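1. test case, fold it:
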Amino acid sequence: MSSALRFRKDGTFKIVQFTDIHWIDGSDLDLQSKAVMELVLDAEQPDLVMFTGDVIYTGTHEEGSSLCHDPAGAFRQAVAAVEQRAIPWGVVFGNHDTENGITRDQLMSEVLKHAYTLAERGPEHIHGVGNYVLPVFGSNNEKAAALLYCFDSGAYSEQPSVPGYDWIRHDQVEWYTEQSREWKARLDGEALPAISFFHIPLPEYETVWRQEVCYGSKHEKVCSAKTQAGIFSAMIAQGDVMATYCGHDHINDYWGELYGIRLYYGRATGFNTYGRQGFQRGARVIQLTEGKRSIDSWLRLEDGSTIKDQTEHLPEYEKPTL
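-> Numbers count the residues shown, from 1 in each chain. Next up is the predicted model:
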């Protein structure tokens, strides 16, 4: 899609974050996920949708056969509700999107066939597929007023000595720093308000939960990588990113602020995966305001209700047992 993202005349820009849809084959559970997406889109009327990984589930049955026999077709079905409404959208991949039957390059080729996607393959000389930045232009001019950084947080560690999940690598951190500096140079050193999206949470998501006041629910451990390459420190140094948004952990939806940056979980959208009784599927909604370094955010749930961001302790607020 060629048209640029732009703040509305009232100075707002609204993003819906869908995460962990885990679409497989169009079954009843998948159609329940689609119904949630349709409800959220119709209620919120966003300017952009961002899918933060595990859009499809390409894992295997216990006997080893593939769960998803047509990954490209599954992806088309998963994003259909957004495409049918002609809403611009982006995506960052998760660990389950390309486990079997399709590579990240192949899946990105499928992504780029869609009329309303703004996703990009990104530079080939760094780790991952889908590292890109989207500018949001002013409501009445052609100047960028905000930036949306998208990162491929990988899937599983390729280092034998480091078990578990992958992480945003050094070359991606360098790419981000270069991008941030270039945008500052265009604006005489001014840092545009920015937010970032990736699938696997940073280790700082555990730090903020243990160290700061957080709001929302934490019903499982933070499944981050065992190591990192300093993307959070780089964001602090550059001074542009106000908040980060991830998925991956389906029954966490909390947020907290660490060293001036807010760390948000999305709200899991998909039914074809694990959840928690009483913990509704839904989406996170993010609203930026032109000319301000501020964020409004809320959750829109499957029953149509909303949960607003809080500035005080919630009843379900729970610190971990040490």
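2. helix/strand/coil for the residue lying closest to Y132 once chain neighbours are set aside?
-> Setting aside the residues directly before and after it, Y132 is nearest to E120 in space (Cβ to Cβ, 6 or more residues apart in numbering), at 3.8 Å. Any C-beta I mention is one placed from the backbone N, CA and C, and that applies to glycine too. Taken by DSSP: H, G, I helix; E, B strand; the rest coil, the conformation at E120 corresponds to coil.
3. could you check the pLDDT of E120?
-> Here, the pLDDT recorded for E120 equals 98.
4. could you give the number of residues near it?
-> 17 (other Cβ atoms under 10 Å).
5. so it sits against L148, correct?
-> No: the criterion here is Cβ atoms under 8 Å, and E120 misses it with L148 at 11.6 Å.
6. could you list the buried residues of stretch 80-95?
-> 80-82, 85, 87-95 (16 or more other Cβ atoms under 10 Å).
7. please read the previous query as pertaining to stretch 62-82.
-> Across stretch 62-82, burial judged by 16+ other Cβ under 10 Å covers 67-68, 70-72, 74-82.
8. just the closest of the residues you listed to L301, please.
-> The shortest approach to L301 among the buried residues of stretch 62-82 belongs to A81, at 16.5 Å (Cβ to Cβ).
9. pLDDT wise, what is that closest one at?
-> pLDDT for A81: 98.
10. how close does the residue nearest the centre of the chain get to G128?
-> The centre of the chain sits closest to T52, judged by Cα atoms, centre = their mean, with a distance of 3.1 Å. Look at T52 and G128: by Cβ to Cβ, to the nearest Å, they are 14 Å apart.
11. the residue nearest to the centre of the chain is in contact with F18, isn't it?
-> Yes: at 7.4 Å, T52 counts as touching F18 under the criterion of Cβ under 8 Å.
12. overlap of the contact sets of these two?
-> Taking Cβ atoms under 8 Å, 6 or more residues apart in numbering as the contact rule, the neighbours common to T52 and F18 are G266.
13. circling back to that earlier point, now, the most widely separated pair of the buried residues of stretch 80-95?
-> Using Cβ to Cβ, the pair of these lying farthest apart is R85 and N95, separated by 28.0 Å.
14. now the helices for the stretch 1-150 of the chain?
-> All helices of the stretch 1-150 of the chain, identified by DSSP state H, counting those that start in this stretch, fall at 28-44, 71-78, 80-84, 104-111.
15. would TSV of these with distance to T289 be doable?
-> Formatted as TSV, those follow (distance: least, Cβ to Cβ, whole Å):
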stretch	distance to T289
helix 28-44	16
helix 71-78	30
helix 80-84	24
helix 104-111	29
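16. what bridges to V241?
-> V241 has these beta-bridge partners by DSSP bridges: A194.
17. about what we covered before: tell me the bridge partners for the residue nearest to the centre of the chain.
-> Note on T52: beta-bridge partners by DSSP bridges are V92.
18. so what's it up against?
-> T52 touches 17-20, 91-92, 94, 197-199, 245-247, 266, counting by Cβ under 8 Å, 6+ apart.
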